[in-house]
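Asker: model this:
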Amino acid sequence: MKAYIGLLPLAIQTFFSSNITTSTRMTIQHPPNPAWKAPFAAAISSQPVTFFQLATVSESLVPRCRTLTYAGFFGETPYAGASGIPASEQNPSGAESDVLLVASDARSSKFAQLQVSSSVEAVFFIAAQWTQFRVRGSAYPISFGARCGELERRGREHVEAHMARPDGWDWDKEIRKVWERQDEKMMKSKFPATTDETPVPDDFRLLVIVPDEILHLPPGGGPATTWTAEAKNGTAEWIKGEAAEH
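Answerer: Numbers count the residues shown, from 1 in each chain. Okay, the predicted model is just below:
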């Protein structure tokens, strides 16, 4: 049922989410380091920068696709080498997750499309290995000060179910860390200068992709390896399998 709810407009998704059974609404805890994560990370590390395609659905229910830059697993990116953020205002190290991270701009049309449906598919082509990973799941906007309403509230809850967070970890500290790491010409030049009162621009957004299913397509054809998250007794297990899909 979850997959079908994700295709509905946000207002209808919210209605269903508040009216289905308690057991269905319960937040399912996922392991932050599932079996697919290591081969995915190893493939990504074979290239200096990773671009990928993200497919969403428009208001007229037409597929939309764009190329984005992968920024790592949410919570795991380090602080800048010469960080200007005081140590007392930094997150503690040790957070782990299987949530994919992109740094973005609230003015991008993809965020309006996520209000139609949070269901997405991301495709990573690893040229050095001639292999492909497809990540299916839900995407959410994350803002400094949590200004994106119900979709962000649900997103934060969903992300937390895929994370291991040390004591003292904070959402705004994480967003500020990602903002500081952005390139001056490629990203920061698009936004107004920050101040002590506004350490992160209002329109800066994190796009987080919470995975439900992974497909790994091997080089040269053959069946794809799949990993699918399945709930069991209040926690999730990733079940490995095969698929003929290409």
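Asker: next SSE downstream of the longest helix anywhere in the chain?
Answerer: For the chain, the helix that runs over the most residues, judged by DSSP state H, is helix 149-160. Sequence-wise, the next helix or strand downstream of helix 149-160 (DSSP states H and E) is strand 163-164.
Asker: just checking: what are the partner strands of that next one?
Answerer: According to DSSP bridges, the neighbouring strands of strand 163-164, each with its direction, are strand 96-97 (antiparallel).
Asker: any idea of the mean pLDDT for the partner strand?
Answerer: Mean pLDDT, computed over strand 96-97, is 98.
Asker: same check on stretch 134-147?
Answerer: Stretch 134-147 shows a mean pLDDT of 98 in the predicted model.
Asker: now that stretch: how far from the chain's centre is it?
Answerer: 6 Å (Cα atoms, centre = their mean, to the nearest Å).
Asker: flag every buried residue along that stretch.
Answerer: Neighbour counts using 16 or more other Cβ atoms under 10 Å place 134-144 of stretch 134-147 among the buried residues. To be clear about C-beta, it is placed using only N, CA and C from the backbone, and glycine gets the same treatment.
Asker: name the element the residue nearest to residue 92 when sequence neighbours are not counted belongs to?
Answerer: Nearest-residue entry for residue 92: residue 166, 4.5 Å, with adjacent residues in sequence omitted and distances by Cβ to Cβ, 6 or more residues apart in numbering. With elements delineated by DSSP H and E, residue 166 resides in a region that no helix or strand encompasses.
Asker: can you give me the helices in the protein?
Answerer: Secondary structure of the chain (DSSP H): helices at 2-5, 10-19, 22-25, 37-44, 109-116, 149-160, 171-180.
Asker: so what does the residue of the chain most remote from its centre look like in phi/psi?
Answerer: In the chain, residue 220 marks the outermost C-alpha relative to the chain mean, sitting 29.0 Å out by Cα atoms, centre = their mean. Summarising the backbone geometry of residue 220 under the convention degrees, to the nearest 10, its torsions are phi 80, psi 10.
Asker: what's the closest non-adjacent residue to it?
Answerer: With Cβ to Cβ, 6+ apart as the measure, residue 130 is the residue that lies nearest to residue 220, at 7.7 Å, once sequence neighbours are left out.
Asker: surely the one you found touches residue 219?
Answerer: Yes - taking Cβ atoms under 8 Å as the definition, residue 130 is a contact partner of residue 219 at 4.1 Å.
Asker: which residues touch stretch 101-111?
Answerer: Contacting residues not belonging to stretch 101-111 are listed as 54, 56, 64, 66, 68-74, 77, 139, 141, 143, 148, 178-179, 181-182, 187, 190-191, 202-209 [Cβ atoms under 8 Å, 6 or more residues apart in numbering].
Asker: tell me the contacts of residue 199?
Answerer: For residue 199, the contacting residues are 144, 176, 179, by Cβ under 8 Å, 6+ apart.
Asker: nearest to residue 243 among those residues?
Answerer: Compare each of those with residue 243 using Cβ to Cβ and the shortest gap goes to residue 179, at 38.2 Å.
Asker: quick one: that closest one and residue 187, what's the gap?
Answerer: For residue 179, the distance to residue 187 equals 9 Å [Cβ to Cβ, to the nearest Å].
Asker: cheers, nothing more for now.
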